[in-house]
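**Q** fold the following for me, if possible:
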Amino acid sequence: MSKPAERSAARLAAVQALYQMDVSGKGVIDALAEFEAFWIGREVEGIEFKPSDTDFFRNILSGVVNNQRAIDQTIDKALAQGWPLTRIEAVLRAILRAGGYELMFRKDVPARVVITEYVDVAHGFYGEDEPGLVNAVLDSVAREVRVGELEKRAAGKR
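**A** So this is what the prediction gives:
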């Protein structure tokens, strides 16, 4: 499996682990151990969990947990007035937090890659509206935390 494919699988696994932590109250250490032992690279209940970049998975998961307050505040600003992140459904919240983490703290990953990857993750769980929301929110976050990056790339493609 290619490095980009392993990173995509790591992002999906991180979103699923964040969701599990949110609904079960498990801590990050339990979630990491469970996903690495029982999910990543295996088939569970008929769903194949592809091998993933384990270090990248760990970085996203622990990064979201360690920086959750800052991530949530940044995402709240990007959401519609009156719809704080806490009112968003749990899977969608996990997608936005993971994407927000990468945009804010993983400057080595291009913003467009982050946005596209998490929109793809959203398509795996939802129909049309939610992936559009993920795209809009992460685009807004990127424009705040990586000022000019999206514009530079767009200008370079002309």
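
**Q** number of nearby residues for I95?
**A** Per other C-beta atoms under 10 Å, the neighbour tally for I95 reads 32. For glycine as for every other residue, the C-beta is placed from the backbone atoms N, C-alpha and C.

**Q** got a pLDDT number for the most centrally placed residue in the chain?
**A** Central residue check for the chain by C-alpha atoms, centre = their mean: the C-alpha nearest the mean position is that of A98, 2.8 Å away. If you check A98, the pLDDT there is 97.

**Q** which helix is the longest one in this structure?
**A** Identified as the longest helix of the chain according to DSSP state H is helix 3-24.

**Q** model confidence over that one, on average?
**A** On average, helix 3-24 scores 85.

**Q** returning to what we had before: OK, contacts around the residue nearest to the centre of the chain?
**A** 11, 14-15, 18, 60, 64, 118, 121 (C-beta atoms under 8 Å, 6 or more residues apart in numbering).

**Q** what sits against the closest residue to G27 other than its chain neighbours?
**A** Among residues not flanking G27 along the chain, M21 sits closest, at 7.2 Å (C-beta to C-beta, 6 or more residues apart in numbering). Applying C-beta under 8 Å, 6+ apart to M21 gives the contacts 27-28, 31, 65.

**Q** quick one, helices of this protein?
**A** 3-24, 28-34, 54-66, 68-78, 90-105, 111-125, 129-145, 149-156.

**Q** tell me the most buried of the ones you listed?
**A** helix 90-105 (a mean of 24; mean count of other C-beta atoms under 10 Å).

**Q** does D139 touch E151 like I think?
**A** No - applying C-beta atoms under 8 Å as the test, D139 and E151 come out as separate, 11.6 Å apart.

**Q** need the overlap of contacts for the two.
**A** Joint contacts of D139 and E151 (C-beta under 8 Å, 6+ apart) do not exist.

**Q** check the gap between L18 and E89 for me.
**A** Going from L18 to E89 by C-beta to C-beta, to the nearest Å gives 13 Å.
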